[in-house]
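[1] this is the structure alone, sequence omitted:
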């Protein structure tokens with residue numbers, strides 16, 4: 001479990017980055 005934690009943190013950060021970029025992209029389209 002301890003070995004998986006850093007990987008999960010990286011995946012979580014990656015997902016957050018994707019969410020924010022997608023959100024900005026959608027905002028750009030809706031304008």
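    Sure, I can see it. No experiment lies behind these values; they were computed from the predicted model shown.
[2] helix/strand/coil for residue 2?
    Look at residue 2: counting by DSSP: H, G, I helix; E, B strand; the rest coil, its state is coil.
[3] what about this structure, any weak spots by pLDDT?
    1, 23, 26, 28-29, 31 (pLDDT under 70).
[4] any idea how many residues pack against residue 10?
    Number of residues near residue 10 (other Cβ atoms under 10 Å) recorded here: 10. Glycine gets a C-beta too; all of them are placed from N, C-alpha and C.
[5] same question, residue 22
    Residues near residue 22, counting by other Cβ under 10 Å: 10.
[6] do you know how far it is from residue 16?
    11 Å (Cβ to Cβ, to the nearest Å).
[7] got it, and residue 10?
    Distance from residue 10 to residue 16, by Cβ to Cβ: 11 Å.
[8] ranges for the helices of the chain?
    For the chain, the helices defined by DSSP state H cover 4-30.
[9] list the buried residues in stretch 3-10.
    Within stretch 3-10, no residue is scored as buried using 16 or more other Cβ atoms under 10 Å.
[10] off-centre distance for that stretch?
    14 Å (Cα atoms, centre = their mean, to the nearest Å).
[11] got phi/psi on residue 3?
    Here is the backbone geometry of residue 3 (degrees, to the nearest 10): phi -70, psi -30.
[12] dump the residue contacts of residue 4.
    Residue 4 is in contact with no residue at all, counting by Cβ atoms under 8 Å, 6 or more residues apart in numbering.
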